[in-house]
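**Student:** got a sequence here, can you model it:
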Amino acid sequence: MDEIKPSARECSLNKYQQPILTEDFDYDLPSSFIAQKPAEPRDSSKLMLVDRNSGRIQHSIFSELPNILKPTDLVVLNNSKVIPARLKGFKKNTNTKVEILLLKKLPTGYWHSLSKPGKRLRQNDVIHLTNGTQSTIAHIIDTNLDGTKVIKLENEELAMLLGELPLPPYIKHNTEPTDRYQTVYSSNLGSVAAPTAGLHFTETLLEQLKAREIKIAFTTLHIGLDTFQPIHEEDARHHRIHSEFISTDSENILKINEALKHNRRIISIGTTSVRVLEFLANRSQSTPLQIEPYTGDNNLFILPGYEFKAVSGMVTNFHLPKSTLLMMISAFSSKPIIMNAYAEAKQNNYRFFSYGDAMLLS
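**Tutor:** Now for the predicted structure:
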């Protein structure tokens, strides 16, 4: 894996001079607004159109996106695929039930993970993972300072067959097929949560984008749970965001650089694609901006005051209070505009979070 060597530009962009109060990004959301099921078909979800500079709001549906975007636009998608990261079993020689949630594959081949009961699992413990008919073994290699575990899967392929998709805890009674929590273009296995803005796309909608001569590029960011975690620090600048694996190839970088060269809009589908594009832009030393392929870790944390270099617009779902994602979209627009849009979303019965409706900020 490449070592991250931030440029001077990246370092300066990530130094925020004024306190950013987490409490300022709180809002009230009754549970009735939290989507428990996805829209059917996928592209029938609502789409709020928000002018990120003026705050002007219009209402549409997602299937209209090809007609809303410009033929010169470049759409950038995250093709990461959710792994069946939730594994269940029991501790060897005991009846202690164990649940493991895989977070990220490490360069060693081991996995960074959460576990229950975490305090009762120690180095060298052996966990039998099973679905009742098949089983394999996980070894506890180490415990990190934050209580998370480093584990080794004896048979990773079988473990993935035994696992379940780790749906967010606010989805209480999921009865959807497992592929409904995957984007239709997902291909690179590695996320523990879906890039949810992409869940609205259908194969037909993608073809309609192409028919309108709207170009499409793919990046990969394997999402960890930290992306969605609320910020507990009073000043958000003190929040530590964990790194996530990203990968971009030369073919897709060429499309992105063409858009940058000709000053065409780059529309990021989801905050994960935003983080990839801005991370690559911050690594670049070229003027005018051009970016290079990269495979490695990304720990970019975008807060209000950040200067966007590559992204012209973004499609995003409605995010949790006090979350890094809510702060990111506020950085792309402004906190008053975003909070007003969220208030209007509630007035118009938009659905929130992973299975909810979407917003186009441009």
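**Student:** how far is the host helix or strand of residue 255 from where the chain is centred?
**Tutor:** Assigned by DSSP states H and E, residue 255 belongs to helix 250-261. Relative to its chain's centre, helix 250-261 lies at 22 Å (Cα atoms, centre = their mean, to the nearest Å).
**Student:** let's have the chain start at 290 instead
**Tutor:** That works, and once the first residue is 290, the last one we named lands at helix 539-550.
**Student:** adjacent strands (with direction) for the helix or strand that that helix is followed by?
**Tutor:** Sequence order places strand 555-558 as the next helix or strand after helix 539-550, per DSSP H and E. In the sheet containing strand 555-558, its partner strands are strand 363-367 (parallel), strand 602-606 (parallel), by DSSP bridges.
**Student:** so which of those comes closest to residue 308?
**Tutor:** strand 602-606 (25.1 Å; Cβ to Cβ). All C-beta spots, glycine's among them, are computed from the backbone N, C-alpha and C.
**Student:** tell me the gap between the closest one and the middle of its chain.
**Tutor:** 12 Å.
**Student:** which elements pack onto whichever helix or strand comes after it?
**Tutor:** Per DSSP H and E, the first helix or strand lying C-terminal to strand 602-606 is helix 613-621. Judged by 3 or more Cβ pairs under 8 Å, 6 or more residues apart in numbering; DSSP states H and E, the packing partners of helix 613-621 are helix 560-572, strand 602-606, helix 624-636, strand 647-650.
**Student:** right, and the helix or strand after the one helix or strand in the chain whose mean pLDDT sits lowest?
**Tutor:** Sorted by mean pLDDT, DSSP states H and E, the helices and strands of the chain end with helix 297-302, the least confident at a mean of 36. Under the assignment DSSP H and E, the closest C-terminal helix or strand after helix 297-302 is strand 335-339.
**Student:** now stretch 456-468: buried residues?
**Tutor:** Buried residues in stretch 456-468, counted by 16 or more other Cβ atoms under 10 Å: 456, 457, 460.
**Student:** name the nearest residue to the second one, sequence neighbours excluded.
**Tutor:** Across the structure, with Cβ to Cβ, 6 or more residues apart in numbering as the measure, the residue nearest residue 457 apart from its sequence neighbours is residue 643 (5.4 Å).
**Student:** one more: the last one?
**Tutor:** Across the structure, with Cβ to Cβ, 6+ apart as the measure, the residue nearest residue 460 apart from its sequence neighbours is residue 325 (5.9 Å).
**Student:** ok, that neighbour - how many residues close by?
**Tutor:** 17 (other Cβ atoms under 10 Å).
**Student:** try residue 576
**Tutor:** 6.
**Student:** any idea how far residue 570 is from it?
**Tutor:** From residue 576 over to residue 570 the distance is 12 Å, taken as Cβ to Cβ, to the nearest Å.
**Student:** which other helices and strands contact the helix holding residue 544?
**Tutor:** Using 3+ Cβ pairs under 8 Å, 6+ apart: helix 539-550 touches strand 363-367, strand 504-510, strand 555-558.
**Student:** residue contacts, residue 320?
**Tutor:** With contact set as Cβ atoms under 8 Å, 6 or more residues apart in numbering, residue 320 has no partners.
**Student:** contacts only, for residue 447.
**Tutor:** 423, 425.
**Student:** can we see that at 10 Å?
**Tutor:** Going by Cβ atoms under 10 Å, 6 or more residues apart in numbering, residue 447 touches 418, 423, 424, 425, 426.
**Student:** residue 568 now?
**Tutor:** 293, 295, 299, 508, 510, 533, 535, 537, 580, 583, 585-589, 591, 599.
**Student:** need the buried ones from those residues selected in PyMOL.
**Tutor:** Burial among these is assessed by 16+ other Cβ under 10 Å; the matching PyMOL selection reads:
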select buried, resi 299+508+510+533+535+537+580+583+586+587+589+591+599
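**Student:** list the residues that contact residue 318.
**Tutor:** Residues counted as contacts of residue 318 (Cβ under 10 Å, 6+ apart) are 607, 609, 610, 631, 634, 635, 641, 642.
**Student:** JSON lines for the helices and strands packed on helix 613-621, including mean pLDDT?
**Tutor:** What follows is the helices and strands packed on helix 613-621, written out as JSON lines (pLDDT from 0 to 100):
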{"stretch": "helix 560-572", "mean pLDDT": "97"}
{"stretch": "strand 602-606", "mean pLDDT": "98"}
{"stretch": "helix 624-636", "mean pLDDT": "98"}
{"stretch": "strand 647-650", "mean pLDDT": "98"}
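**Student:** of all those, which one is nearest residue 405?
**Tutor:** helix 560-572 (26.8 Å).
**Student:** can you give me the offset of that closest one from its chain's centre?
**Tutor:** Worked out by Cα atoms, centre = their mean, helix 560-572 lies 12 Å from the chain centre.
**Student:** likewise stretch 532-545?
**Tutor:** Worked out by Cα atoms, centre = their mean, stretch 532-545 lies 15 Å from the chain centre.
**Student:** okay, buried residues for that stretch please.
**Tutor:** In stretch 532-545, counting by 16+ other Cβ under 10 Å, buried: 533, 534, 535, 536, 537, 541, 542, 544, 545.
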